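Colleague: Kindly return the folded structure for what I paste below:
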Amino acid sequence: MKVTTFYLEMRARDQLRAKPNHDPRLRVLEASVKQWEFNRFLYTFVGGPWQWCDKLYWDDSKWKEYLDSNQIITFVAYYDGAPAGYFELSQCDGEVEIAYFGLSPYFIGKGLGGSLLSCAIETAWNLNPRRVWVHTCTLDHPAALQNYLARGMTIYKTEEK
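Modeller: Next up is the predicted model:
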């Protein structure tokens, strides 16, 4: 199966076309207490349907090392108290990557993706990077690429494998 990966970026905060959250039942909170078990849960909970596999076989020590790096910041979206999705921001060399982003299967299609992505991008810009970037691929949700584009991100590289 051929997979296309799209690399997108935003080089200025004012490029963001935010979709505001008008639903008071949706709250996004930083998981400021780093618990690798929780990140592993979020990774499989959100990424499972999309065949996220780059960290699937990590052992406990690898997960702990990943979170102990101090480059990863995790934010969790809760809807009426239930985990609805998450994003991880990775800071490196003056840039912020939206390393992981997604909704749990139950919340897909309920109109939350645009506002959660807006929150992720705004949060990334609050770290004062020179650019914010992300990658998505044709294995991800069919609306993922369009959501990134709708928020103002632009494609700067495409790869096919």
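
Colleague: shouldn't I98 be in contact with P129?
Modeller: No. Look at I98 against P129 with Cβ atoms under 8 Å: they stay out of range, at 11.1 Å. To be clear about C-beta, it is placed using only N, CA and C from the backbone, and glycine gets the same treatment.

Colleague: quick one, which of these two is more surrounded?
Modeller: Legend: neighbour count by other Cβ atoms under 10 Å for I98 and P129, higher for I98 (23 against 20).

Colleague: Against L149, how distant is G47?
Modeller: Noted for G47: a distance of 21 Å to L149, by Cβ to Cβ, to the nearest Å.

Colleague: of these two, who's got more company?
Modeller: G47 (18 against 14).

Colleague: burial of M153, as a residue count?
Modeller: 26.

Colleague: What of Y148?
Modeller: 23.

Colleague: quick one, what contacts the closest residue in space to it that isn't next to it in sequence?
Modeller: Nearest residue to Y148, sequence neighbours excluded (Cβ to Cβ, 6 or more residues apart in numbering): L8, at 5.0 Å. Counting by Cβ atoms under 8 Å, 6 or more residues apart in numbering, L8 touches 133-136, 148-149, 153-156.

Colleague: and L8, which of the three is it?
Modeller: Using DSSP: H, G, I helix; E, B strand; the rest coil, the structure places L8 in strand.

Colleague: distance of it from R131?
Modeller: For L8, the distance to R131 equals 10 Å [Cβ to Cβ].

Colleague: mind listing what's buried in the longest strand seen in the chain?
Modeller: Taking DSSP state E as the criterion, the chain has its longest strand at strand 82-92. Residues of strand 82-92 classed as buried by neighbour count (16 or more other Cβ atoms under 10 Å): 83-91.

Colleague: Generate JSON lines for those residues, with distance to G102 and pLDDT as supplementary columns.
Modeller: What follows is the buried residues of strand 82-92, written out as JSON lines (distance: Cβ to Cβ, whole Å; pLDDT from 0 to 100):
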{"residue": "P83", "distance to G102": "11", "pLDDT": "97"}
{"residue": "A84", "distance to G102": "10", "pLDDT": "97"}
{"residue": "G85", "distance to G102": "6", "pLDDT": "97"}
{"residue": "Y86", "distance to G102": "7", "pLDDT": "97"}
{"residue": "F87", "distance to G102": "8", "pLDDT": "98"}
{"residue": "E88", "distance to G102": "10", "pLDDT": "97"}
{"residue": "L89", "distance to G102": "14", "pLDDT": "98"}
{"residue": "S90", "distance to G102": "15", "pLDDT": "97"}
{"residue": "Q91", "distance to G102": "20", "pLDDT": "96"}
